[in-house]
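Asker: what's the 3D shape of this:
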Amino acid sequence: MNTNQRRTGRRVAALLATLTIGVAAQLVVAAPAAAVSGLIRTTHVATATNSQSPKTRAAECPNGMRVIGGGARVSGPAAQSIRLSIMQPVSGPGQTDRYEVWADEPPGGISGNWALEGYAICAPAASVPGYNIALQGSGYSSVSTRSVAAGCAGSQRVIGSGASIAGGGLGSVGLQMSRASGPLDIARAAAAEDGAYSGNWQVTAYAICADPVGAAAEGSVQTGVATASHACPAGEDVHSVGGATGAGATGQTFLNSVYPDAGLNAVRLALTGVPTDGLAIQAICA
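Answerer: Numbering: from 1, shown residues only. Have a look, this model is predicted:
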């Protein structure tokens with residue numbers, strides 16, 4: 001067995017672990033994704049540290065580069081109470097590629113202070129042939145949990161993902177999942193209400209797609225913790241980040257921070273609490 005076969009085997013073994021979290025998600029290895037060169041991480045510096053809600057950031061890519069991933073980091077004394085509501089890649093004619101993130105306080109607000117920082121993972125346009133963003137919304141209604149998937153067309157592969165909530169009122173609904181999935185080359189998103197909420201809302205999944213040249217989604221399932229990290233193999237870069245959570249002992253838990261580190265070597269994940277069935281953390285590495 002050669003080195004690549006051994007590494008692939010380790011990834012598959014780790015990622016085929018079944019994880020039932022809220023929407024019965026299973027963290028599995030994605031079909032080969034596109035490995036690109038010349039990646040950089042850009043940052044939209046943190047907001048003021050206060051109790052204003054919601055907070056938003058939009059990390060932009062330089063001219064001639066495409067957004068292939070991104071993330072958000074919440075900091076400050078009240079950070080763990082905050083839930084993410086938008087992690088959205090944006091690309092199109094006449095606008096700068098960017099990764100937009102929103103975060104909210106829980107219903108009723110909090111007295112503590114917090115800040116939000118946003119990140120984009122950017123790639124030279126020439127290194128992502130066939131680049132496009134596919135999206136799929138769930139439709140509006142008032143349900144306790146909702147999930148949706150967006151897929152790439154034909155032989156294209158997912159190189160990044162995103163998720164967003166529309167409606168839901170200021171923290172009454174929070175994101176629980178944003179990640180790539182296989183074997184059908186899709187991106188999944190999920191969200192949940194925080195207790196009873198009568199308003200209508202929807203969750204949207206974003207699949208960042210390109211022609212395949214070879215990479216893989218990898219990660220781990222961890223129990224009994226609210227934070228995790230996953231590093232790509234030596235010499236490989238993080239192309240996109242992902243995470244998933246679900247119900248905890250006292251109610252739903254939500255994505256709080258999920259982002260690539262400054263060197264694009266690893267993914268960091270934080271939740272609003274400890275999920276009963278564990279968390280999933282994911283990176284697309286190449």
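Asker: what about the strands in the stretch 101-250 of the chain?
Answerer: Secondary structure of the stretch 101-250 of the chain by DSSP state E, counting those that start in this stretch: the strands cover 115-124, 132-137, 145-151, 157-167, 173-181, 186-193, 201-210, 216-222, 227-231, 238-244, 247-248.
Asker: Columns mean neighbour count on top of the ones you listed, output as TSV?
Answerer: Where C-beta positions appear, they are placed from N, C-alpha and C, glycine not excepted. Formatted as TSV, those follow (neighbours: other Cβ atoms under 10 Å):
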stretch	mean neighbour count
strand 115-124	25
strand 132-137	17
strand 145-151	19
strand 157-167	27
strand 173-181	29
strand 186-193	28
strand 201-210	26
strand 216-222	23
strand 227-231	17
strand 238-244	30
strand 247-248	18
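Asker: For those, which has the smallest mean pLDDT value?
Answerer: With a mean of 91, strand 216-222 has the lowest mean pLDDT of the strands of the stretch 101-250 of the chain.
Asker: and that strand, C-alpha only, in CSV?
Answerer: The C-alpha trace of strand 216-222 is given here as CSV (Å, rounded to 0.1, in the frame of the first residue of the first chain):
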residue,chain,number,x,y,z
ALA,A,216,-10.4,15.3,0.5
ALA,A,217,-12.6,16.3,3.4
GLU,A,218,-11.4,15.0,6.7
GLY,A,219,-12.0,15.6,10.4
SER,A,220,-13.2,14.0,13.6
VAL,A,221,-16.1,13.4,15.9
GLN,A,222,-15.4,14.4,19.5
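Asker: Relative to the whole chain's centre, how far out is that strand?
Answerer: On the basis of Cα atoms, centre = their mean, to the nearest Å, strand 216-222 sits 13 Å off its chain's mean C-alpha point.
Asker: pLDDT below threshold where in the chain?
Answerer: Across the chain, the ranges flagged by pLDDT under 70 are 1-35, 183-184, 213-215.
Asker: what ranges do the helices span in it?
Answerer: With DSSP state H as the criterion, the chain has helices at 3-15.
Asker: hang on, the earlier thing: could the strands of the stretch 101-250 of the chain go into a markdown table alongside distance to residue 108?
Answerer: Converted to a markdown table, the strands of the stretch 101-250 of the chain look like this (distance: least, Cβ to Cβ, whole Å):
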| stretch | distance to residue 108 |
| --- | --- |
| strand 115-124 | 19 |
| strand 132-137 | 28 |
| strand 145-151 | 21 |
| strand 157-167 | 18 |
| strand 173-181 | 14 |
| strand 186-193 | 14 |
| strand 201-210 | 18 |
| strand 216-222 | 30 |
| strand 227-231 | 25 |
| strand 238-244 | 25 |
| strand 247-248 | 19 |
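Asker: who wins for proximity to residue 45 among these?
Answerer: strand 115-124 (6.6 Å; Cβ to Cβ).
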